[in-house]
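Q: Need the 3D shape of this:
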Amino acid sequence: QVQLVESGGGLVQAGGSLRLSCSASGSANRFDTMGWYRQAPGKERELVAQITDGGFTEYADSVKGRFAISRDSTKFTVFLQMDSLKSEDTGAYYCKARSRHIPALGIIGSDYWGQGTQVTVSS
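A: Reported below is the predicted structural model:
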């Protein structure tokens, strides 16, 4: 059973930094994509950043130039370095992993989510 465990959230002042980590276990194969989503109170969950197995990255416009996503050499841990934090970055941050999706081979990917870690930025 795949499990994702996040860590690194907390309370920080505006302009500060945090580094989130997400470690995956229970899968023999690497994930196609790993990423971070966040959900602020009263708002829908949104993509923050994601990275493919090949290293391609994608960021929400609101975090470009401030956040950086990376994966370790095993590809089972993903990090999110968050700098120049703003109050609007406050929310619950969730790690997501998508397993291999190769329809031609009958391999259907699945999405896995962590429990979330809270990030609070005080202004």
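Q: Now do the contacts for the residue nearest to the spatial centre of the chain.
A: With distances taken as CA atoms, centre = their mean, Trp36 lies nearest the centre of the chain, 2.0 Å away. Residues near Trp36 by CB atoms under 8 Å, 6 or more residues apart in numbering: 20, 22, 47-50, 69, 78, 80, 93-96. In short, each C-beta sits where N, CA and C put it, glycine included.
Q: if you set the cut-off to 10 Å instead, what comes out?
A: The neighbours of Trp36, taking CB atoms under 10 Å, 6 or more residues apart in numbering as the test, are 6, 20, 22, 47-51, 59-60, 63, 67, 69, 78-80, 82, 93-96, 114, 117.
Q: And the next helix or strand past the helix or strand Tyr93 falls within?
A: According to DSSP states H and E, Tyr93 maps onto strand 91-98. As assigned by DSSP H and E, the chain's next helix or strand after strand 91-98 is strand 111-113.
Q: Can you give me the buried ones in that next one?
A: Tyr112 (16 or more other CB atoms under 10 Å).
Q: correct me, but Glu88 touches Ser62?
A: Yes. With contact defined as CB atoms under 10 Å, Glu88 reaches Ser62; the gap is 7.4 Å.
Q: now the strands for the protein?
A: Secondary structure of the chain by DSSP state E: the strands cover 3-7, 10-13, 18-25, 33-39, 46-52, 57-59, 67-71, 77-82, 91-98, 111-113, 117-122.
Q: mind putting these in TSV, mean pLDDT and distance to Leu105 included?
A: Listed next are the strands of the chain as TSV, based on pLDDT from 0 to 100; distance: least, CB to CB, whole Å:
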stretch	mean pLDDT	distance to Leu105
strand 3-7	95	25
strand 10-13	98	42
strand 18-25	96	22
strand 33-39	97	18
strand 46-52	97	18
strand 57-59	98	25
strand 67-71	97	24
strand 77-82	97	25
strand 91-98	97	16
strand 111-113	96	19
strand 117-122	98	35
